[in-house]
Each structure stands twice: as structure tokens, then as C-alpha cells.
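> Give me a model of this one.
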Amino acid sequence: MKADDAQLENAAGHHHHTANEIKHGDKALALADNRVEVTEADSRRICRLTDTRILPFLAWVYFLQILDKTVIGYAAIFGLKENTHLVGDHQLGAQPLAAFLLVKYPVKVTMPIIVFCWGASLLGMAGSTNYQGLLASRFLLGWCLLVLHERTWAPLVYGLGHIKSNKLHSYQIIFLLTGIVTVVTGVLIYFYIDNSVMEARFLTPEERAKGVERLRANNQGVVTTEFKWAQVGEMMLEPKTWLFIAMSFLINVGASVSTVFGPLLLKGLVGFDAYTTVLLNIPFGVLQTAIILGFAWLSTKFKKKSIMLLIATVPVIVGLALLYALPRTKKNEGPLLFGYYCIAFLFGTNPLVMSWMAGNTSGQSKKTAAMCAFNAASAAGNILGPYLFKAAYAPAYIPSLKAVMAIFCALMGVVVVQIFNLAYLNRRKEAQRVKNGKPAKLADTSMKATYEAVADESLGDNAFLDMTDKENDEFVYVF
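Purely as a prediction, here's the structure:
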């Protein structure tokens, strides 16, 4: 053993990593090499500090990101198409593959720049008076989109829609406000966000070490700045990732029924005006928020994201069926609104798929590339989805609703295929562990409500080596 490697040994009985492993592994590896004791009280305190510091801000950023999609729909009913001379099926959007930059550069640098630029693109849309101007602004946004939702802004949009101005159209006022808020948020992020648990200013040095240790069980590490193309190649060749990408694409193609054309659909149900359309979206927003939080809680409690995803898809199909089958008459106003509100369940699906994919993908380069591919599929879905809603189908969009129903039925099929695929991968992992002299069955303690340290000292050494889920024989797939 080399001298510098020997210096890494200490009195504990488990394996210690070489200098080369530390160089190419996770940034937390040097800290995690000497295991520290973490109690349940420690885990809860660190989790609570992290949640109260990070989650509200991330939720706000995600809220703004989804708001961008929504204001397009609201702007459409406040004169966007007429005042910018959009015709037929003009659509907007772009999404880059940003995996390399997201691995190589810290979040404290990339996130503020992305948010600031997307806010600037919204301000650009406020000044746009034609399709070319809108396209240029949305192209910038496509390069900046991050990866809770929108109807909670309906009261604000309702108020903004009533502002009368000789200089600005209503849609321009909406874009102006959202753009300013987003730009200011981008600046604040730089001063607020830390790069990782190892640099968290709200934790003491001892808590940082314990914060790393409590992540050992999930076998996914913390952060690395070495981009590994081999991991990207592995991601591109495995069916598991492509099934998740297919889910993202299908959900976001189908989501256009609400995010972009929802206000237009409401307006066309029984002839609601623009202001009534916005007001009717308020209960939709309340329901949507409850659905997102509810399914997040259920999937955590029962540890079955796939089953929750299937359950969330059923009301969407029911709602689409009602909108498709019922005539647009005053008599059917109640059932039609009920059908429209059932569509809110689709917003519980995307967070489930995203967290499901993240929980089944390891290796920083692989996971980042997979999430970028996921977002690219999401963007492709958002681009193609509106083409289902051709101008010729207005105001009922009957052929469009039929197509979206088929999409969500296909989504359920893909989810079922993924369940069987992950079960198969777990059986292969068991054989791999037996071959390596480890227990066939491993309990995934990362999914438990209370903290449990890795009891066997011979296990857990791969957690911070930046190994992919395929390479790490201790990885357990969840479904």
C-alpha cells in the first residue's frame, strides 16, 4: 500500500479508501471515510435545519418556474394572440442538455444565473409585440429553465387583468411583474444557497459530518465536480432511464391540456369570459396544491411511488372522458367543471416520477445527465402538446381531449413496465451481491421514517465513491 494511502487508515474495522478513490469519488468521501455516530435526534435536527433553510426557497423557485408556463395560458385569454398577431399553431420552447455545466460548476453559481436569465426572458416577453420577439425571449428561457404550481397565482392574475393602461396590454403587465420577481429571486439565491452539506453555513462542523453520514444509506453520495462520460453512456444504454424519460414526455404532452390550454378550455366550456375563467381556476389551484402535497405524503408513508402514480392517473382519465363525452350546454356546466378539476391530479404525477427516477439513479454525472434528459423530454412534451390543440378544434377541442386520454392510458402502461423492470434489476443485484460475498437481501434504510445507521461495517463503503447504481452492488431499486 502506498504511504499516502496508508495514512488514511484508522482504528475502525471497515475499509478505508485510497487517495485515488478520494480523488475521483464524491467530495464528501474524505469526510465520510471516518464514520461518525448519528442518533435519531441528530438526524431529525439536521433534517429540520435543512428543510427550514432550503425547502422554502427551492419551493419558491419551482413555483416561479411553473408560473412561467401558466402565464402563457393566462396571457392567451388577455389578448396575447391578438395583440402579437399569433396565428394558428405558433408555439414556443427550447431545452438544452446542461448536464456538464451542472456537474462542473457549483449550484451557488449556476442557479442564480439560470434564474436571473429566465426572469430577463419574461421581461423580454413583456416588451414583445410579435411572434419573432416572443420566440427570441422564449429561446433564452429554454436555455435557462430549471427543473408549486400555478393556479395559486390565479387571484393575482385576476387583479392584474383589471389594470387599465394606455401603454401596456394586460398580458404585458402580467409578464412584467413575474419577470421582475424572478430577476430579484435570482440575485437573492447567490447570497442564500450553499453548495452542499459540507459547506452549509447553518450547520456546525460536527453537524456537517453527521449530515454526510446520514446520507450513507441511500448510496447516492453528495456532490462531485468530475464529469464522467462513461456514466452518461451507461445512462443512454439502459431501458430504465428511457422508461422514466417516456413518462416525463407523456405527462408533459398531456399537461398542455391544463398548463397552456386550460384557461381556453374553461372559456369554451359554456362561454365563460376571461375574468370568470381566471376565478374558476382558483379552486383548481387549491385542489392542485392539495393533490401534490397529498401524493407526496402518501408515497413517503407507503413507500410506493409507482402505485401512487397509477392512482393519480385514474382521475385524470376520468376527467378527460367527461370533457370529451358531455355536450357543452348550461345543463352540463357542473359535470364539465368537475371533469376539468379532475385534470388537477396530473400535477401529482410529475413530482412522483421525478423523485422515483432520482431514487433509482446513482452516480453524479449519470444522475445529472438523466435529469437533464428528463427535463428535455418534459420540454419536448410542452412543445408538442399544444399541437394537439389545433385552432380548428376550438372551442371544445374534442379530438385533442381524445388524444390526451390515450396519452395518459399509455402512461399507465409505461409505469407497469417499469415496475417489472425494477423488480428484475433487484433480482440481478441480489445475484451480484452473493457473488461478491455479501448478503443477497439488503434493507433500504434510506426509505424508513426513522434514521438507522448502516449496521454492518462491511457495507456502506461504496456510498461516496460516485459509483452508478449499476456498478454499486449495494444499490437497491425502489418502486
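> Counting neighbours, which bits of the one helix or strand Val415 maps to end up buried?
Assigned by DSSP states H and E, Val415 belongs to helix 398-435. Across helix 398-435, burial judged by 16 or more other C-beta atoms under 10 Å covers 400-401, 403-405, 407-408, 411-412, 414-415, 418-419, 421-422, 425-426, 429-430, 432-433. C-beta coordinates here come from the backbone N, C-alpha and C atoms, glycine included.
> Please apply the same query to stretch 297-305.
Across stretch 297-305, burial judged by 16+ other C-beta under 10 Å covers 298-299, 304-305.
> Quick check: helices, which of the residues you listed are part of them?
298-299, 305 (DSSP state H).
> I'd like those residues as a markdown table, with pLDDT appended.
What follows is those, written out as a markdown table (pLDDT from 0 to 100):
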| residue | pLDDT |
| --- | --- |
| Leu298 | 92 |
| Ser299 | 90 |
| Lys305 | 92 |
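> what's the pLDDT at the residue nearest to Ile317 when sequence neighbours are not counted?
Spatial nearest neighbour of Ile317, excluding adjacent residues (C-beta to C-beta, 6 or more residues apart in numbering): Phe408 at 5.2 Å. If you check Phe408, the pLDDT there is 97.
> so what's Phe408 up against?
Applying C-beta atoms under 8 Å, 6 or more residues apart in numbering to Phe408 gives the contacts 250, 254, 313, 316-317, 320, 346.
> Just the buried ones from those residues, in ChimeraX syntax?
For the buried members of the contacts of Phe408, the matching ChimeraX selection, counting by 16+ other C-beta under 10 Å, is:
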select :250,254,313,316,317,320,346
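> Confidence-wise, which of the contacts of Phe408 comes last?
pLDDT across the contacts of Phe408 is at its lowest for Gly254, which sits at 90.
> and the strand or helix carrying it with helix 398-435, angle?
Using DSSP H and E, Gly254 falls within helix 239-259. Interaxial angle, helix 239-259 versus helix 398-435 (axes from the mean of the first three to the mean of the last three C-alpha atoms, to 10 degrees): 150 degrees.
> Just list what helix 239-259 packs against, helices and strands only.
Counting by 3 or more C-beta pairs under 8 Å, 6 or more residues apart in numbering; DSSP states H and E, the packing neighbours recorded for helix 239-259 are helix 40-77, helix 349-359, helix 364-384, helix 398-435.
> The residue nearest to Ser362 when sequence neighbours are not counted: what secondary structure?
Leaving aside its sequence neighbours, Ser362 sits nearest to Asp469 (C-beta to C-beta, 6+ apart; 4.1 Å). For Asp469, the assignment made with DSSP: H, G, I helix; E, B strand; the rest coil gives coil.
> just checking, Asp469 touches Asn360?
Yes. Between Asp469 and Asn360 a contact is recorded at 6.6 Å, counting by C-beta atoms under 8 Å.
> how close does the residue nearest to Ser362 get to Met235?
10 Å (C-beta to C-beta, to the nearest Å).
> can you list residues touching both of those two?
Shared contacts of Asp469 and Met235 (C-beta under 8 Å, 6+ apart): 361, 366.
> Tell me if I'm right that Glu471 and Lys429 touch.
No. Taking C-beta under 8 Å as the definition, Glu471 is not a contact partner of Lys429, at 11.1 Å.
> can you pull the contacts of Leu346?
Contacts of Leu346 (C-beta under 8 Å, 6+ apart): 251, 254-255, 257-258, 312-313, 316, 408.
> of all the residues you listed, which two lie farthest apart?
Comparing all pairs in the contacts of Leu346 by C-beta to C-beta, the longest separation belongs to Val257 and Ala312, at 15.0 Å.
> neighbour count winner among these two?
Neighbours per residue, other C-beta atoms under 10 Å: of Val257 and Ala312, the larger number sits with Val257, 29 against 23.
> Could you measure from the more buried one over to Ala358?
Per C-beta to C-beta, Val257 is found 26 Å from Ala358.
> now Lys304
As judged by C-beta to C-beta, Lys304 and Ala358 stand 16 Å apart.
> sorry, back to before: let me know the closest of the contacts of Phe408 to Ala217.
For the contacts of Phe408, the nearest to Ala217 is Thr313 (30.4 Å; C-beta to C-beta).
> ok, that closest one touching Phe347?
No. With contacts counted by C-beta under 8 Å, Thr313 stays clear of Phe347, the gap being 11.7 Å.
> still on that earlier bit, ok, the buried residues of stretch 297-305 vs Val223, which is closest?
Lys305 (24.1 Å).
> follow-up on the earlier one: tell me, what's touching Asp469 and Asn360 both at once?
Common contacts of Asp469 and Asn360 (C-beta under 8 Å, 6+ apart): Tyr477.
> Run the angle between the helix holding Gly254 and helix 364-384 for me.
Using the same axes, to 10 degrees, helix 239-259 lies at 40 degrees relative to helix 364-384.
> Tell me which residues of helix 239-259 come out buried.
Buried residues in helix 239-259, counting neighbours by 16+ other C-beta under 10 Å, are found at 240-259.
> Using CSV, list the CA coordinates for it.
Extracted C-alpha coordinates of helix 239-259, given in CSV (Å, rounded to 0.1, in the frame of the first residue of the first chain):
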residue,chain,number,x,y,z
PRO,A,239,-34.0,0.8,-20.5
LYS,A,240,-34.8,2.1,-17.0
THR,A,241,-33.8,5.7,-17.9
TRP,A,242,-35.7,5.6,-21.1
LEU,A,243,-38.9,4.5,-19.4
PHE,A,244,-38.6,7.4,-17.0
ILE,A,245,-38.0,9.8,-19.9
ALA,A,246,-41.1,8.3,-21.7
MET,A,247,-43.1,9.1,-18.5
SER,A,248,-41.9,12.7,-18.5
PHE,A,249,-42.7,13.1,-22.1
LEU,A,250,-46.2,11.7,-21.9
ILE,A,251,-47.1,13.6,-18.7
ASN,A,252,-46.0,16.9,-20.2
VAL,A,253,-47.6,16.4,-23.6
GLY,A,254,-50.8,15.6,-21.7
ALA,A,255,-50.3,18.5,-19.3
SER,A,256,-50.8,21.0,-22.0
VAL,A,257,-54.5,20.3,-21.6
SER,A,258,-54.2,22.4,-18.4
THR,A,259,-51.0,24.5,-18.3
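> Between helix 349-359 and it, find me the angle.
Helix 239-259 and helix 349-359 are oriented at 160 degrees to each other (the same axes, to 10 degrees).
> Understood, closing this out.
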